[in-house]
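take this sequence and fold it.
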Amino acid sequence: MPTWIVTGGAGFIGSNFVRHALGATEVELVVVDKLTYAGNPMSLDEVAEDPRFRLLEADIADRAAMRELFARTRPEAVLNFAAESHVDRSIDDPGIFLHTNIRGTFELLEASRALCDDDGGPSDFRFLQVSTDEVYGTLGATGRFSETTPYAPNSPYAASKAAADHLVRAYGETYDLPVLITNCSNNYGPRQFPEKLVPLMILNALEGKDLPLYGDGGNVRDWLYVGDHCAGILEVLRHGRPGEKYNMGGDSERTNLEIVDTLCDLLEELRPAADNPALTGRGAATYSELKRFVADRPGHDRRYAVDPGKIRRELGWQPRHDLESGLRETVSWYLDNLEWCEAVQSGRYRRERLGLSAGRKDQESS
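Presented below is the predicted three-dimensional model:
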């Protein structure tokens, strides 16, 4: 049975991919995760008893641990989801982003190279780097990011991901390592850690807390449902051309304010404000009354938009969810899984604002 190593598989996108891959393939998955604040075994409870699933708690930047794992499992594929991924956290502490996103990727590449250089190494090996559209920087009012758009990262997080992408490409060019890179737009969906915009707003609204929006709320993102992203990653792994990169977007550009307004409307339908004691206690008749505009984030990119034409032409991938149906599924999932939300926060993060060392407490993130 082929083995794939999935790093960061207890995080948001990684755990969704693990469930998708176990249902769509016959491979064995070894999940490697450091189990930091945003990686939680609870996200994998549904597959914990699957005989094709194993979880290893480890740091991908630990050279000895990665070399031992690769030598023991001899994987046919490595999918690198592992990353520190929150822009605001990277403003406060860039060092951990360099450690995981750059050093960690380097150690995975070195372990992969050693495996492929072995005479008994897998003949169809693939290394897939899961990256972000934030490496491209920011857009004006028009245009979209393509695979040939120059990198111009504007945050420590984006810079660390850009560096990792360059390393992956260089290993393909220099060592003939069969590498693939995917760059996706903003993901949303079930099991996203509550520091990100969509779950943060849902949970704050349910508790009658402020819904803080950076600046004027006009920053634009292209939104992609996580299940559609995971299906695309599997297509790239199976059918993508080594050495190529593929952009994945949802063709769903919205301002942050529009996203929050949509979430408020969905909550009003599914959990009416009039029946929510947290709102009535604040004297609020609607969820929208909780919106607040706060000081902008340093270096906040104004607009991202992704052109997914290449992956559609070459691999036939396209999202199954439009934004409205995806957000409805997402809100419903959080309403049905509030215990999961409480458990994964576990006292280490209570939805306070991050990324401003001056200590301002309101938060919104994208």
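
from now on I want contacts and neighbour counts done on CA atoms only, so please keep to that.
OK.

same question for stretch 198-206, mean pLDDT?
Stretch 198-206 comes out with an average pLDDT of 97.

please begin residue numbering at 194 from this point
New numbering, starting at 194: the last item is stretch 391-399.

so what touches it?
381, 385-387, 403-404, 452-453, 456-457, 460, 469, 471-472, 480, 483, 524, 527, 544, 557 (Cα atoms under 8 Å, 6 or more residues apart in numbering).

so where's the stretch 294-443 of the chain shaky on pLDDT?
313 (pLDDT under 70).

redo that, cut-off 90
Along the stretch 294-443 of the chain, the parts satisfying pLDDT under 90 run over 311-316, 386-388.

show me where the stretch 394-543 of the chain has its strands.
Assigned by DSSP state E, counting those that start in this stretch, the stretch 394-543 of the chain shows strands spanning 404-407, 413-418, 438-441, 446-448, 484-487.

so what pairs up with Arg414 in the strands?
Beta-bridge partners of Arg414, counted by DSSP bridges, are Arg447.

quick one: mean pLDDT for stretch 212-231?
95.

run the chain-centre distance for that stretch.
In terms of Cα atoms, centre = their mean, to the nearest Å, the centre of stretch 212-231 is set 14 Å apart from its chain centre.

and for that stretch, what's in contact with it?
194-205, 211, 232, 234, 237, 240, 245-253, 275, 386, 420, 423-424, 427, 537-538, 541-542.

just the buried residues of that stretch, please?
Judged by neighbour count using 16 or more other Cα atoms under 10 Å, the buried positions of stretch 212-231 are 212-215, 220-228, 231.

what do you get for stretch 445-460?
445-450, 452-453, 455-460.

what's the closest of the residues you listed to Arg434?
Closest approach between the buried residues of stretch 445-460 and Arg434, by Cα to Cα: Ser445, at 26.7 Å.

ok, that closest one - contacts?
So Ser445 contacts 414-417, 515-516 (Cα under 8 Å, 6+ apart).

which of these sit farthest apart?
Counting by Cα to Cα, the most remote pair of these is Arg414 and Asp515, 14.4 Å apart.

more crowded one of these two?
Arg414 (26 against 14; other Cα atoms under 10 Å).

hmm, the more buried one is touching Glu446, no?
Yes. Between Arg414 and Glu446 there is a contact under Cα atoms under 8 Å: 5.4 Å.

what residues do those two have in common as contacts?
With Cα under 8 Å, 6+ apart, Arg414 and Glu446 have common neighbours Ala498.

that older thread, ok, so of the contacts of Ser445, who is nearest Phe290?
Arg414 (22.3 Å).

how much space between the closest one and Pro315?
39 Å (Cα to Cα, to the nearest Å).

before we move on, the earlier item: put together TSV for the buried residues of stretch 212-231, with secondary structure on each row.
Below are the buried residues of stretch 212-231 laid out as TSV (DSSP: H, G, I helix; E, B strand; the rest coil):
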residue	secondary structure
Arg212	helix
His213	helix
Ala214	helix
Leu215	helix
Val220	coil
Glu221	strand
Leu222	strand
Val223	strand
Val224	strand
Val225	strand
Asp226	strand
Lys227	coil
Leu228	coil
Ala231	coil
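
quick one: the helices in this protein, in order.
205-217, 256-266, 280-285, 287-290, 298-310, 349-368, 390-399, 419-432, 449-463, 470-473, 502-508, 516-529, 531-538 (DSSP state H).

what count of nearby residues applies to Asn294?
Neighbours of Asn294 (other Cα under 10 Å): 28.

so what's it up against?
Neighbours of Asn294 in contact, by Cα under 8 Å, 6+ apart: 275-277, 353-354, 357.

what's the closest of those residues to Leu302?
Ala357 (10.1 Å).

residues in contact with the closest one?
294-295, 298-299 are the contacts of Ala357 under Cα under 8 Å, 6+ apart.
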